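*Asks:* Next come a sequence and a model predicted from it.
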Amino acid sequence: MLDVLLGGIILIAGIYIFYRIKVGLHYKWNWEIIPQYLFRYDSERGKWVPNLLMQGFFTTIRLSIWGTFFAMIIGTVMGFCRTSKSLFKRLIGGTYVEFIRNLPPLVLIFIFYFFVSDQIMPLLGIDAFIRSQTPGTQAFFTFFFAPPLLFSAFLSALITLAIFEGAYITEIIRAGIQSVEKGQWEASSALGMTWWQQMRHVILPQATRIILPPLAGQFISTIKDSAIVSVISVQELTFQGMELMSATYLTFEVWITVTVLYLMLTFTCSLAVGRLEIYMRRSDV
């Protein structure tokens with residue numbers, strides 16, 4: 001009954017907002033034009049292909065997946081440092097977490113964009129390398145990462161996102177490791193195991209059950225945080241929404257569509273996280 005009541009309130013509020021926009025702002029809704037910016041028919045290829053908004057949607061997915069992957073690598077290494085017996089390693093892990101978590105992600109993005117794109121990429125010759133590849137190889141990079149012309153900006157955004165999210169994953173790893181009872185460490189040490197053997201065979205299998213649900217939740221945060229990279233012209237969903245709004249002046253239609261696409265992605269992941277948590281609880285019984 002409560003769900004029905006809340007749903008009714010939300011529906012009424014939505015109708016009222018639409019009414020006030022139309023009457024108060026004298027706004028003329030034009031939803032008919034939006035579908036063509038989701039998919040368009042390519043006459044040369046003879047099929048429907050993603051247009052601006054869906055291209056940005058898929059870029060957001062790629063950026064979030066790769067960002068989470070590299071953030072997990074950084075977070076795992078720093079999580080081990082945070083729980084190490086070595087004071088030096090603990091200081092490294094602690095400094096990384098405190099430094100990154102207390103900096104605005106926008107600052108990090110500009111630092112890495114101007115440093116990586118302007119300094120590191122030309123030195124490594126990555127752009128020239130990608131552009132010199134065969135069309136098939138370039139299509140591979142385009143599908144999994146970004147078009148060759150946008151690869152530098154995409155890589156800068158990816159590094160920034162991975163470093164920023166890695167600080168939060170570090171704390172998830174640390175909490176998971178420290179949640180394992182001290183007796184497990186003592187027992188495995190008494191058996192003559194090295195630190196790595198303890199982590200591999202005793203600690204991590206137990207900590208994984210605690211780590212996985214918040215890691216999945218962090219992936220959802222990465223999806224939402226990825227919108228900030230629009231400031232360096234990475235053509236993800238928010239950037240494409242801004243470009244489309246500037247070209248069509250359909251402010252509400254564009255941003256409502258962008259909101260729905262984000263909600264579809266994050267809500268699906270939320271349902272998956274919920275299922276994962278239920279499965280992990282059942283396995284603990």
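*Replies:* Noted; the coordinates are in hand. Numbers count the residues shown, from 1 in each chain.
*Asks:* OK, contacts around Asp225?
*Replies:* Pro105, Leu161, Phe164, Glu165 (C-beta atoms under 8 Å, 6 or more residues apart in numbering). For every residue, glycine as well, the C-beta is placed using N, CA and C.
*Asks:* Let's see that with 10 Å instead.
*Replies:* Shown in contact with Asp225 (C-beta atoms under 10 Å, 6 or more residues apart in numbering): Leu63, Ser64, Gly67, Pro105, Thr160, Leu161, Phe164, Glu165, Tyr168, Gln218.
*Asks:* Just say helix, strand or coil for the fifth one.
*Replies:* Classification of Thr160 into helix, strand or coil gives helix, according to DSSP: H, G, I helix; E, B strand; the rest coil.
*Asks:* burial count for it?
*Replies:* 25 (other C-beta atoms under 10 Å).
*Asks:* now it: how far from Asn30?
*Replies:* Between Thr160 and Asn30 the computed distance is 36 Å (C-beta to C-beta, to the nearest Å).
*Asks:* ok, now the fourth one?
*Replies:* For Pro105, the distance to Asn30 equals 34 Å [C-beta to C-beta].
*Asks:* Neighbour count: the two, which is higher?
*Replies:* Pro105 (17 against 12).
*Asks:* Would you check how far apart the more buried one and Arg281 are?
*Replies:* 33 Å.
*Asks:* Just the ones of the contacts of Asp225 in helices?
*Replies:* Among the contacts of Asp225, the members falling in helices (DSSP state H) are Leu63, Ser64, Gly67, Pro105, Thr160, Leu161, Phe164, Glu165, Tyr168, Gln218.
*Asks:* How about the contacts made by Phe69?
*Replies:* Applying C-beta under 10 Å, 6+ apart, the residues near Phe69 are Leu158, Ala162, Phe219.
*Asks:* doesn't Phe154 make contact with Phe112?
*Replies:* No: assessed by C-beta atoms under 10 Å, Phe112 is found out of contact with Phe154, at 11.9 Å.
*Asks:* overlap in contacts of those two?
*Replies:* Counting by C-beta under 10 Å, 6+ apart, the residues touching both Phe112 and Phe154 are Ile232.
*Asks:* isn't Phe140 right up against Ala146?
*Replies:* No: judged on C-beta under 10 Å, Phe140 makes no contact with Ala146 at a distance of 11.6 Å.
*Asks:* more crowded one of those two?
*Replies:* Taking other C-beta under 10 Å, Phe140 and Ala146 do not tie; Ala146 has more neighbours (23 against 12).
*Asks:* Please work out the average pLDDT along the strand or helix carrying Thr95.
*Replies:* For Thr95, the host element (DSSP states H and E) is helix 87-101. Throughout helix 87-101, pLDDT has a mean value of 92.
*Asks:* now the strand or helix carrying Gln55: how far from the chain's centre is it?
*Replies:* Taking DSSP H and E as the criterion, Gln55 maps to helix 52-82. Computed by C-alpha atoms, centre = their mean, to the nearest Å, the separation of helix 52-82 from the middle of its chain amounts to 5 Å.
*Asks:* and if you look at stretch 268-285?
*Replies:* With C-alpha atoms, centre = their mean, you get 20 Å for stretch 268-285.
*Asks:* buried set for it?
*Replies:* Cys269, Val273 (16 or more other C-beta atoms under 10 Å).
*Asks:* Lys85 belongs to a helix?
*Replies:* No: counting by three-state DSSP, Lys85 falls outside a helix, being coil.
*Asks:* how much space between it and Met193?
*Replies:* In terms of C-beta to C-beta, Lys85 sits 14 Å off from Met193.
*Asks:* Who are the packing partners of the longest helix out of those in the chain?
*Replies:* In the chain, taking DSSP H as the definition, the longest helix is helix 251-284. If you count contacts as 3 or more C-beta pairs under 10 Å, 6 or more residues apart in numbering; DSSP states H and E, helix 251-284 packs onto helix 2-24, helix 52-82, helix 204-225, helix 237-248.
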